[in-house]
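1. Sequence plus the predicted model coming up.
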Amino acid sequence: MILFTDENDENKRLDSFLSEITPDLSRSKIQNLIKSGSVKVNGQVKKSSYLLKEADKIEFEAPPEEDLIIKPQNISLIVVYEDENMLVVNKPSGMLTHPTAQERENTLVNALLYKYGEDLSDINGEFRRGILHRLDRNTSGLLMIAKNNKAHEYLAKQIKNHTITKKYRAIVKGIIDEDEFEINAPIARNPNQPHKMTVKDDGKPSKTLVKVLERFKDATYIELTLITGRTHQIRVHMKSINHPVYNDTLYGAGQGKVKTDEQVLQSYFLRFTKPFGGEIIELQIEPDDKIKKVLKYLRS
């Protein structure tokens, strides 16, 4: 098995990463495989504690008897765009992008396998069939899916070179005074809470453009454009300026008066080059139910 990491995998331990894609193998078995040289990163044997970098090539020899088939499930998909090489779906809030060691069903990949079967890229392994980039479970919106490996490589190159435009909508706590500004603050994994990210001087360069859409008594409706694409980038950047995303309890917002399943954040706009054709594709969707619900309350 050959896997390529993306920006969402940066600073993950090698053994943790492999645990995500091979949930039937215990952490100790994975660590033994790494020690035995069955796992190579960019052609070299690394320790279990090796921290991944974007675009690392991982060669992994898993025991055949431990291979796990991901179950296709008849879950409704909202397809916003589709051609012979790719599609873009509107992922609902509450859905995982791909299976994990703890959850192997009801993810976007389970739904994609039911509808497209083998017609999905497998560059990133069975657990991430077709997946080019990810959204947090409770972030809704647009996600690109590759139907074959050539399309995957074509689109992944755009992601790596930051030539894809990704815009988000969010409601954040507090009143933001500036109409438009840039947050330029490096992001790294939180050394004390590894499930979180944080602004850190020795982190990866991270840049977010912020534009105010509407102000309320104690909240602000904003548009965010990602210049880079780090894990939890928007949530971490907004926390760093004391305007955490509404209901983002992981990053200190707490639950607001309007209850939702965590952060009120949506990926609503994508602009990319269609694989192999050179055509520019622009896609935009309406605000999701969470945003509508909170805006209705704030406007009243």
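-> On my side now, so go ahead.

2. measure N149 to F60 for me?
-> Going from N149 to F60 by Cβ to Cβ, to the nearest Å gives 17 Å. To be clear about C-beta, it is placed using only N, CA and C from the backbone, and glycine gets the same treatment.

3. more neighbours, those two?
-> The neighbour comparison of N149 against F60 (other Cβ atoms under 10 Å) goes to F60, with 20 against 13.

4. contacting residues for the closest residue to that one other than its chain neighbours?
-> Using Cβ to Cβ, 6 or more residues apart in numbering and skipping residues adjacent in sequence, the residue nearest F60 is M1, 4.7 Å away. Taking Cβ atoms under 8 Å, 6 or more residues apart in numbering, we find M1 in contact with E59, F60, E61, A62, G125.

5. ok, now how distant is M1 from T139?
-> Going from M1 to T139 by Cβ to Cβ gives 28 Å.

6. Next: K57.
-> Using Cβ to Cβ, K57 is found at 28 Å from T139.

7. one step back: out of the contacts of M1, which sit inside strands?
-> If you go by DSSP state E, those have E59, F60 in strands.

8. Most widely separated two among the contacts of M1?
-> Farthest pair in the contacts of M1 (Cβ to Cβ) is E61 and G125. Separation: 12.9 Å.

9. more crowded one of the two?
-> Remark: of E61 and G125, G125 carries more neighbours, 21 against 12, as counted by other Cβ under 10 Å.

10. Show the contacting residues for the more buried one.
-> By Cβ under 8 Å, 6+ apart, the neighbours of G125 are M1, L3, I21.

11. Repeat that for I227.
-> H162, K207, T208, L209.

12. And for K166?
-> T225, L226, G229, S267, F269, L270.

13. how about the strands of this protein, start to end?
-> Taking DSSP E as the test, the strands found in the chain are 2-4, 39-41, 57-60, 79-82, 86-91, 140-146, 165-173, 180-184, 187-189, 197-199, 207-215, 219-226, 265-273, 280-284.

14. Packing partners of the fifth one?
-> I take that to be strand 86-91. Under the contact definition 3 or more Cβ pairs under 8 Å, 6 or more residues apart in numbering; DSSP states H and E, strand 86-91 sits against strand 79-82, strand 140-146.

15. thinking in terms of the whole chain, how far from its middle is it?
-> 13 Å (Cα atoms, centre = their mean, to the nearest Å).

16. could you flag which of the contacts of K166 are buried?
-> L226, G229, S267, F269, L270 (16 or more other Cβ atoms under 10 Å).

17. Verify the stated contact: the third one with M144.
-> It stands for S267. No. Counting by Cβ atoms under 8 Å, S267 sits too far from M144 to count as a contact (10.4 Å).

18. mind putting the contacts of I227 in JSON lines, pLDDT included?
-> JSON lines is the format used below for these (pLDDT from 0 to 100):
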{"residue": "H162", "pLDDT": "90"}
{"residue": "K207", "pLDDT": "96"}
{"residue": "T208", "pLDDT": "98"}
{"residue": "L209", "pLDDT": "98"}
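
19. Who wins on neighbours among the residues you listed?
-> Counting neighbours by other Cβ under 10 Å, T208 comes out on top of these with 24 neighbours.

20. Helices along the stretch 1-150 of the chain, start to end?
-> Here the stretch 1-150 of the chain has its helices, by DSSP state H, counting those that start in this stretch, at 14-21, 27-35, 108-116, 149-160.

21. Now tabulate those helices in TSV and tack on distance to N184.
-> Below are the helices of the stretch 1-150 of the chain laid out as TSV (distance: least, Cβ to Cβ, whole Å):
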stretch	distance to N184
helix 14-21	28
helix 27-35	36
helix 108-116	31
helix 149-160	20
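
22. what's the closest of the ones you listed to D202?
-> helix 14-21 (19.7 Å).

23. on that earlier part again, buried deepest among the helices and strands packed on strand 86-91, which one?
-> strand 140-146 (a mean of 25; mean count of other Cβ atoms under 10 Å).

24. what's the spacing between that strand and its chain's center?
-> Computed by Cα atoms, centre = their mean, the chain-centroid distance of strand 140-146 equals 9 Å.

25. and the angle from it to strand 265-273?
-> 30 degrees (axes from the mean of the first three to the mean of the last three Cα atoms, to 10 degrees).
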